[in-house]
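*Asks:* no FASTA, just this:
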């Protein structure tokens, strides 16, 4: 297994060779992912294997994982979440090729016969991010958020709302 991650590579050649990569990349080197993080310290680990499938398509299968420090959207404090992604990719040069792939393979559009593994790893981590990062409900410091259907907040809201038809009933009473 190779530890060194090449900056760019030819996926068809690497699939022919059956190359395998395992190692880690610094989170601070993943600029698009960094925008979502509270802290970019740490590393993302990966295991990637290039191969040719039964139709001679250049493919990659692998796993990417990292522990990320995100902002809890319930209490707005730091939450450490482990994210991982298992991937199966076929390298394609056009949309026609991509449309012909089976459901089990995701297309990866190759430009100039080169692929950046760091971009691939970063994309997989971005796709693995939760839509809303939160602590588990029993560990979160937020109170009375209403997110769990707190009746105290709902009752207060009900009391503050006036019935919009109350004015109409008052007008009807004065006409009689």
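*Replies:* Received, thanks. The shown structure was predicted, so the numbers you read here are calculated from the model rather than taken from an experiment.

*Asks:* which residues are in contact with stretch 21-32?
*Replies:* Defining contact as C-beta atoms under 8 Å, 6 or more residues apart in numbering, one finds that stretch 21-32 is touched by 1-5, 33-34, 37, 40-49, 66, 68, 117-118, 121-122, 125-126. (C-beta placed from N, C-alpha, C; glycine too.)

*Asks:* Which among the residues you listed count as buried?
*Replies:* Neighbour counting by 16 or more other C-beta atoms under 10 Å classes 5, 33, 37, 40, 44, 46, 48-49, 66, 68, 117-118, 121-122, 125 among the contacts of stretch 21-32 as buried.

*Asks:* Next step: those residues restricted to helices.
*Replies:* 33, 117, 118, 121, 122, 125 (DSSP state H).

*Asks:* Check these and tell me the two furthest apart.
*Replies:* Within these, 33 and 117 form the most distant pair, 14.5 Å apart (C-beta to C-beta).

*Asks:* mind checking which helix or strand residue 136 is in?
*Replies:* Under DSSP states H and E, no helix or strand contains residue 136.

*Asks:* Identify the bridge partners of residue 43.
*Replies:* Beta-bridge partners for residue 43, by DSSP bridges, are residue 26.

*Asks:* can you pull the contacts of it?
*Replies:* 24, 25, 26, 27, 66.

*Asks:* same thing but at 7 Å, please
*Replies:* By C-beta atoms under 7 Å, 6 or more residues apart in numbering, the residues touching residue 43 are 24, 25, 26, 27.

*Asks:* Of the residues you listed - the most surrounded one?
*Replies:* residue 27 (21 neighbours; other C-beta atoms under 10 Å).

*Asks:* Quick check: the gap between that one and residue 89.
*Replies:* Using C-beta to C-beta, to the nearest Å, one gets 22 Å for the distance from residue 27 to residue 89.

*Asks:* So which residues of the protein form strands?
*Replies:* For the chain, the strands defined by DSSP state E cover 20-26, 43-52, 58-71, 78-92, 106-109.

*Asks:* Just give the number of residues close to residue 71.
*Replies:* Using other C-beta under 10 Å, residue 71 has 15 neighbouring residues.
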